[in-house]
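1. Predicted model and sequence follow; I will ask about them next.
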Amino acid sequence: MSKTLVELSSSAAKVASGSAVGLTATVLTNGSSPTGTVSFFDGTVAVGDPVQLTNGAATLQTTALGVGTHALTANYSGDKNDDGATSSPFNQVITGSTGLQVTASAGAVVHAVSLTVVVQ
C-alpha cells in the first residue's frame with residue numbers, strides 16, 4: 001500500500017451565509033493514480049455525499065454551513081494501491097447578519113430599537 005496525503009482547500013476562507021463554498025480535496029500518493037471517494041466533514045458530521053475522485057481531486061459545492069467557524073476535514077477512502085487518509089482541519093468561516101429588536105417600557109412609554117448584528 002502506498003502512503004497517502006490529503007490536502008483540503010476552499011474557494012474562499014470566508015464566505016457569506018447562504019453563498020456556496022467550494023471544497024476541494026487533493027489526494028497525493030507515491031506515484032499511483034488514486035481512485036475511490038472523498039467524504040467531507042464538519043467535525044464529525046458529513047457535509048454532502050461522498051465525491052468520486054477525478055484526476056486525484058474531489059470537489060464539493062455546499063451552502064449547508066451555518067454562520068460561524070467550521071473545522072472541516074476531507075477523508076479519502078483509499079483503494080487497492082493507496083491507504084485511506086484524512087486531511088488536517090481547515091477553518092472555514094461563514095459570515096452573516098441577523099436582526100435584533102430591543103423594546104423597553106416604563107409605564108405607558110414604550111421605546112423600541114431595531115439593530116442589525118453582523119457576525120464576521
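-> Thanks, I have it. Numbering: from 1, shown residues only.

2. Three-state assignment for the residue nearest to the spatial centre of the chain, please.
-> When Cα atoms, centre = their mean is applied to the chain, the residue found nearest the centroid is Leu72 (5.0 Å). Using DSSP: H, G, I helix; E, B strand; the rest coil, the structure places Leu72 in strand.

3. That one against Val6, yeah?
-> No. Between Leu72 and Val6 there is no contact under Cβ atoms under 8 Å: 11.9 Å. For glycine as for every other residue, the C-beta is placed from the backbone atoms N, C-alpha and C.

4. following the longest strand along the chain, which helix or strand shows up next?
-> When the chain is parsed with DSSP state E, its longest strand is strand 90-106. Using DSSP states H and E, the next helix or strand after strand 90-106 towards the C-terminus is strand 109-119.

5. Partner strands of that following strand and their direction?
-> strand 90-106 (antiparallel) (DSSP bridges).

6. Give me the distance from the helix or strand of the chain with the lowest mean pLDDT to the chain's centre.
-> Within the chain, no helix or strand scores below strand 109-119, which has a mean of 76 by mean pLDDT, DSSP states H and E. Strand 109-119 sits 32 Å away from the centroid of its parent chain (Cα atoms, centre = their mean, to the nearest Å).
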